[in-house]
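**Student:** return atomic coordinates for the entry below.
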Amino acid sequence: MDDKNEEDEVDDQNIGLKEFSIGYALLRKLTSAFERERDEANIAQARVYDDLAAVDASVREAAAEALVTELVEVQNVYDMLEDKQLVEGALKLEAEKDDGLNSCAPSLRYAVRRLIRGVSSSRECARQGFALGLTILVGTVSSIKVESLLKLIVNLLEVSSSMKGQEARDCLLGRLFAYGALARSGRLTNEWISDRNTPYVKEFTSCLISLAAKKRYLQEPAVSVILEMVEKLPIEALLNHVLEAPGVQEWFEGATEVGNPDALLLALKIQEKIGADAKAFSKLLPSPYNQSRLFSADHLSAISNCLKESTFCLPRVHSVWPVLVKNLLPDSVVQDVDFALVPSTSKKHKRGRKGSSLEDIEKNLKCFFEVVIEGSLLTSSHDRKNMAFDVILLLLPKLPASCVHVVLSYKVVQCLMDVLATKDSWLYKVAQHFLKELSEWIQRDDARRVAVIVALQKNTNGKFDCITRSKTVKDMMSELKSKSECDLFIENLMTMFLEEGHTSEEPSDQSQTTDDNSEMGSIEDMDSVGNLGSPDFLRTWVVESLASVLKHSELDPDARFHAQKKILNFLSVQGLFSSAIGTEVTSFELQDRLRWPRSAISSALCTVCIEQLQLLLADAQKGEQLQLLLSDAAQKGETPHAGACGLEASDLGSYFMRFLSILCNIPSVSLSRTLNTDDDKAFKELQEMQSELSRLQAMQSQLSREGSNCDPSMDVKKIHALRYLLIQLLLQILVRPGEFSEAASELTTCCKKAYGSSDLLESSGEDEPEGDGTPELMDVLVDTMLSLLPQSSAPMRSAIEQVFKYFCKDVTDDGLLRMLRVIKKDLKPARHQDTDSEDEGDADDDLLAIEEAEESDVAETGETGESDEQTDDSEAVVGFETVNTELPEASDDDSDEGMDDDAMFRMDTYLARIFRERKNQAGGETANSQLVLFKLRVLSLLEIYLHENPGKPQVLKVFSHLAQAFVNPHTAEGSEQLGQRIWGILQKKIFKAKDYPRGDAVQLSLLESLLEKNLKLAAKPFKRKKSASNPSKKKESASWKRYKMISSLAQSSTFWILKIIDARNFSISELQKIYDIIEAALVAYFDSKKSQIKSDFLKEIFKRRPWIGHHFFGFLLEKCGSAKSQFRQIEALDLVTEILKSLVSSNADESGQNASKKMLKSHLPKICHLIKHLVTNMPEKQSRRADVRKFCTKIFQNLTTHNLSASLLKALEPDGHAACESQLGETFLAMKQQEH
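**Tutor:** You can find the predicted model right below:
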């Protein structure tokens, strides 16, 4: 028994030992696995942790997933163990046993602690990577308790009193990231779902509130972490846990006092989710809560301190602003309403799904801007101004166009304008960025663009571009291309004009100026305009914009004409008429309402309206192209309406006159300006004449379509141009009363005479009988147009030019002379009348008057006291001795030079006004500038005349006067532009014109006189003024430049005159005077050092006109050896060489060869004598000897070509042969051998 018991005991021991061995083996296996896993994990995890800090986000994500996957596997193995204490005791890991993670594998504990410590690292992207790993790990492994995490975060990232600077900052940020990882993991939501009494939501919220209170930069991210949790929690948890968390209530209560935007953000987001009132929000949100209360003035004032303090996160916009924007502009309302910008009085507001209306939005938005943007931000620091612009940019994407005027309010636009006006401002780039974003926002949206333009200009009285020195508004207006945009803009401009003037709440810091259609202006110009508060400034911009709104549009003709009529109606009503019964009158004939502002507009603004009306009509005249429309209608077989009413369908001028007539017949409507008797009579005569011309034009058009008129096109154009001139003159009478009545009477008389034979125009009985004393019709018309030019507006000048274009072919010599006299007039001191001068006599005696102008210039230099620069210019041109005094000194142009001012007044009434003004002013600068302006306008007419009549003999008269005006420095005194304009007309319209004066009417005597004077002018030397011993380089350069231009003018004139002479084919005897003139110039060139004619100029004459060179061939051969200077002799050789070239070019046929041979043979003795002289007296300079050899070679070639070399050799004496062989060598010997 004992043995058996012993055996049993042994067996039991064996079994126990076996079981122990198995258990021990399993333990060792597990231990080995953990050790092996730990060893491998140490290497792998080290790599994973490094990857968690990588800059590349994809690397961090891969590392986090790998880490979590590995730890999940380890935890699963760990969960399979029954006795986990053995593993923990056998493994000496870093994890402590009292960390609260008792149910976690040691590797998991280590990882949790490592990840929490890692979020405090500032290395690369360690915070982001470790927080990502912690988020995934906590959300995946349920063994990690929330309670333990909250303790570990505090314990491992504790900020001790010894920590300072970066170390403390890293710990605080580490806590923030750790709490963020916990919030994103969703574990808190799961905790509340499993246990609605869990304390961890409150503890988590309290920890974040406490953390936010430590540092300002932690405040907004801490709230963002809370909001991460709030988004995941149900409403019950928010009410019972988040809002009830320790510290939250106190935080909300103190927010408005200290200015805590993050508390406001948290309150708004929680309120948005719970949708019910909560007492915890204290003063941050109204109770009961709704959007109207939220954006009431009282509440916004209460929270304005919170909003002002949100600037600490600049340049980033604080998160509270997008939330407020969302409440201001709910998506449900903005998406439901299709807004179009029309006057607010006629708009019907639509309701959104939630009951909010556009009215509520506008009300809330206006209150928000008045209290927060304007009242708090714009009146504060630069940072807060910056934030104000950022907030507006947040509003733009959802902002209805009808609310733009609220956002771009007066104070906002003034702030923007003031910043842009100062480029060195800290906010300048901010404002530029704002404008750029604003410009992009209005693209492809008609209503937005119009609303922004109106807001910017309305709040700056139309001076935004001018003060900001930009083209913002101008560029925006240039994008108004479609019909809908133009109509919308026109309607808003009219509404803006009719509204009472905008009253400035506070003046801008910038001075203001007139803005020409939003063109850029200068600060210097701003001071002379006046106060920004005047409504006339804004209304002036409105009027100018109305007239130019169609400038860049892409409208079809019908749409454009419709818009033009709408603008014309408005400008006519505002500028021409006033109502006696209120601000609105209904016209049944026009089927329209005529409206005026409540307070009468100023006369200056009425003038602006009329001026813009003139511009509108001028643009319409240019764009109508009536002749093309009539031609197209005839080709298509269409039959447009006849009569004046039918003409209105495409003629804005005709429509305007009908509109004017209708308004004049309305009893309660009258002209806004009282006209005197003469003006009233002229006004009515212009109306009647325009009406008659419209009827005549319609009749002519009908005849043209029927083919009954041989050449109706020009008549129609003439009538059309005259009609528009009458309209412009009618409006000009209203702009400048008392100045144009006489011209209007003369113009209507011209129209009656021009079309008096028509049955449609019966004589009024006032026409003067034709007789010797009656002036020509065209003379009266030209005189009338000249009288209108000095004081006319740009549209009237355009109309005058159009009339002149179609009538200039009929202009008489007297009329042309009147125009040319204007160009030559100077504002000189009165001189004693010359009793020997003839009035208007000897019209062509001295058309260029070079010498006389030169002498008078020199005399006037001392009398007028002109500037040194002008004196140098005149001396450069006219500082030479007078020659050929036998020429007549009186001319048609200078026949009035001896008249005093009173005599001048009687002769030229349109010049008399300018002379009177000079007489009454000390300096005469205003009179001089007016005269220059008058000359420029007359030059435009002369340019038209030359373009339309290039082949008429009168072109010579125009040329001579313009050339004299250009040469005379007093004519262009004080205006470089005038000289350049004359120069351009001479070059383009005369010298380079395709046609030139032809026919027997071109007098040879006139051509001779012009040729002589231009050759003298080309020979004049450049002389410096003796009194100016040391002139400045600038003045000397200007003098030299002017001298070169006049010399060039003389040369071009000579070429042009010779071309005219050549075309006439005069006989040799008739050309004798021409030859004498040229010979005199050549003699002076070779015998006088004072002659500055260029050799190239003479060669060009011989090249262009070979017959001149052939005539002077013998003369030049003589001068090659007899000229006073060796230099001139060598230049004479060049001239002879140029003539020889023309001989070669004329040898194309047999007759040409014979003529060349005959000429060379006749001059062979002179050639022989010249060659002998040259080789006997060779120049000393090497270059000149080369020129001589080159000339002789050319002579030998020509003689050999014409078989005259033997005659040359025979004529040369033996000593001549020897000299030629010595100096010319092989060239001469080759010719001799060829002959032998």
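**Student:** any regions of the stretch 451-600 of the chain where pLDDT drops low?
**Tutor:** 500-535 (pLDDT under 70).
**Student:** so which residues of it form helices?
**Tutor:** 464-468, 472-478, 483-498, 523-526, 535-548, 557-576 (DSSP state H, counting those that start in this stretch).
**Student:** what separates the residue nearest in space to the middle of the chain from Leu396, distance-wise?
**Tutor:** Centroid-nearest residue in the chain: Lys471, 6.6 Å away (criterion: C-alpha atoms, centre = their mean). Noted for Lys471: a distance of 21 Å to Leu396, by C-beta to C-beta, to the nearest Å. In this view, the C-beta of every residue, glycine as well, is placed from N, C-alpha and C.
**Student:** isn't the residue nearest to the centre of the chain right up against Met477?
**Tutor:** No. Taking contacts as C-beta atoms under 8 Å, Lys471 lies outside contact range of Met477: 9.7 Å.
**Student:** show me what contacts Val430?
**Tutor:** By C-beta atoms under 8 Å, 6 or more residues apart in numbering, the contact set of Val430 is 385-386, 389, 419.
**Student:** pLDDT weak spots in the stretch 251-400 of the chain?
**Tutor:** Within the stretch 251-400 of the chain, the segments meeting pLDDT under 70 span 277-278, 332-356.
**Student:** please enumerate the helices of it.
**Tutor:** Listed in chain order, the helices of the stretch 251-400 of the chain (DSSP H, counting those that start in this stretch) span 255-258, 261-274, 291-294, 297-308, 320-328, 331-334, 358-368, 382-395.
**Student:** endpoint to endpoint, stretch 468-487 covers what distance?
**Tutor:** Taking C-alpha to C-alpha, to the nearest Å, stretch 468-487 runs 28 Å from one end to the other.
**Student:** what are the buried residues along it?
**Tutor:** With burial defined by 16 or more other C-beta atoms under 10 Å, the residues of stretch 468-487 counted as buried are 468, 470, 472-474, 476-477, 479-480, 483, 485-487.
**Student:** report the two of those separated the most.
**Tutor:** Thr468 and Lys483 (30.1 Å; C-beta to C-beta).
**Student:** hang on, the earlier thing: which one of the helices of the stretch 251-400 of the chain lies nearest to Leu722?
**Tutor:** Leu722 lies closest to helix 358-368 among these, at 53.9 Å (C-beta to C-beta).
**Student:** returning to what we had before: which of the helices of the stretch 451-600 of the chain sits most buried?
**Tutor:** Ranked by mean neighbour count, the helices of the stretch 451-600 of the chain are led by helix 464-468 with a mean of 26 (mean count of other C-beta atoms under 10 Å).
**Student:** ok so, going back, now the residue nearest to the centre of the chain: how far from Glu544?
**Tutor:** Per C-beta to C-beta, Lys471 is found 15 Å from Glu544.
**Student:** kindly report the same for His1173.
**Tutor:** Distance from His1173 to Glu544, by C-beta to C-beta: 78 Å.
**Student:** same question for Ala1050.
**Tutor:** Where Glu544 is concerned, Ala1050 sits at a distance of 47 Å (C-beta to C-beta).
**Student:** so where do the strands sit in this protein?
**Tutor:** For the chain, applying DSSP state E gives strands covering 577-579, 584-587, 592-595, 669-671.
**Student:** in JSON lines, list these along with distance to His1217 and mean neighbour count.
**Tutor:** Rendered in JSON lines, the data for the strands of the chain read as follows (distance: least, C-beta to C-beta, whole Å; neighbours: other C-beta atoms under 10 Å):
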{"stretch": "strand 577-579", "distance to His1217": "102", "mean neighbour count": "18"}
{"stretch": "strand 584-587", "distance to His1217": "107", "mean neighbour count": "15"}
{"stretch": "strand 592-595", "distance to His1217": "105", "mean neighbour count": "16"}
{"stretch": "strand 669-671", "distance to His1217": "101", "mean neighbour count": "17"}
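**Student:** for Lys164, find the nearest of those.
**Tutor:** Nearest to Lys164 among the strands of the chain is strand 592-595 (74.5 Å), distances taken as C-beta to C-beta.
**Student:** can you tell me what sits against the closest one?
**Tutor:** Here strand 592-595 makes contact (C-beta under 8 Å, 6+ apart) with 498, 569, 573, 577, 579, 583-587, 663, 669.
**Student:** so which bits of stretch 364-379 are buried?
**Tutor:** Residues 364-378 are the ones in stretch 364-379 that count as buried (16+ other C-beta under 10 Å).
**Student:** from those, pick the one nearest Phe1086.
**Tutor:** Taking C-beta to C-beta as the measure, Phe1086 sits nearest to Leu378 out of those, at 83.9 Å.
**Student:** of the buried residues of stretch 468-487, closest to Met163?
**Tutor:** Met163 has its nearest neighbour among these in Thr468, at 51.8 Å by C-beta to C-beta.
**Student:** which ones are touching that closest one?
**Tutor:** Counting by C-beta under 8 Å, 6+ apart, Thr468 makes contact with 417, 420-421.
**Student:** then Leu1017?
**Tutor:** Going by C-beta under 8 Å, 6+ apart, Leu1017 touches 850, 967, 1046-1047, 1049-1050, 1053.
**Student:** related to what we said a few turns ago, nearest to Leu67, of the helices of the stretch 251-400 of the chain?
**Tutor:** Ranking these by proximity to Leu67 (C-beta to C-beta) places helix 261-274 first, at 32.8 Å.
**Student:** residues making contact with the closest one?
**Tutor:** Contacts with helix 261-274, where a contact means C-beta under 8 Å, 6+ apart, come from 212, 219-220, 222-223, 226-227, 230-231, 235, 238-239, 242-243, 251-252, 255, 278, 281, 284-285, 289, 303, 306-307, 309-310, 318-320, 323-324, 327.
**Student:** go again using 6 Å as the cut-off
**Tutor:** Here helix 261-274 makes contact (C-beta atoms under 6 Å, 6 or more residues apart in numbering) with 219-220, 223, 227, 235, 238, 251-252, 255, 281, 284-285, 303, 306, 309-310, 318-320, 323.
**Student:** buried among those? Need that as a selection in ChimeraX.
**Tutor:** Command for ChimeraX that selects the buried part of these, burial taken from 16+ other C-beta under 10 Å:
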select :219,220,223,227,238,251,252,255,281,284,285,303,306,309,310,318,319,320,323
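**Student:** just to revisit the earlier point, reformat the contacts of Val430 as a markdown table; add distance to Arg560 and neighbour count.
**Tutor:** Listed next are these as a markdown table, based on distance: C-beta to C-beta, whole Å; neighbours: other C-beta atoms under 10 Å:
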| residue | distance to Arg560 | neighbour count |
| --- | --- | --- |
| Lys385 | 43 | 24 |
| Asn386 | 44 | 23 |
| Phe389 | 38 | 23 |
| Val419 | 38 | 23 |
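**Student:** how about JSON lines for the residues you listed, with distance to Gly1225 added?
**Tutor:** Listed next are these as JSON lines, based on distance: C-beta to C-beta, whole Å:
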{"residue": "Lys385", "distance to Gly1225": "92"}
{"residue": "Asn386", "distance to Gly1225": "90"}
{"residue": "Phe389", "distance to Gly1225": "90"}
{"residue": "Val419", "distance to Gly1225": "85"}
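**Student:** what's the most distant pair in those residues?
**Tutor:** Spatially, the most separated pair among these is Asn386 and Val419, at 9.9 Å (C-beta to C-beta).
**Student:** point out where the stretch 1101-1236 of the chain drops to low pLDDT.
**Tutor:** Residue ranges of the stretch 1101-1236 of the chain with pLDDT under 70: 1145-1149, 1235-1236.
**Student:** sorry, back to before: now rank the contacts of Leu1017 by neighbours and give me the top one.
**Tutor:** The most crowded member of the contacts of Leu1017, judged by other C-beta atoms under 10 Å, is Val967 (27 neighbours).
**Student:** show me what contacts it?
**Tutor:** By C-beta under 6 Å, 6+ apart, the contact set of Val967 is Ile1046.
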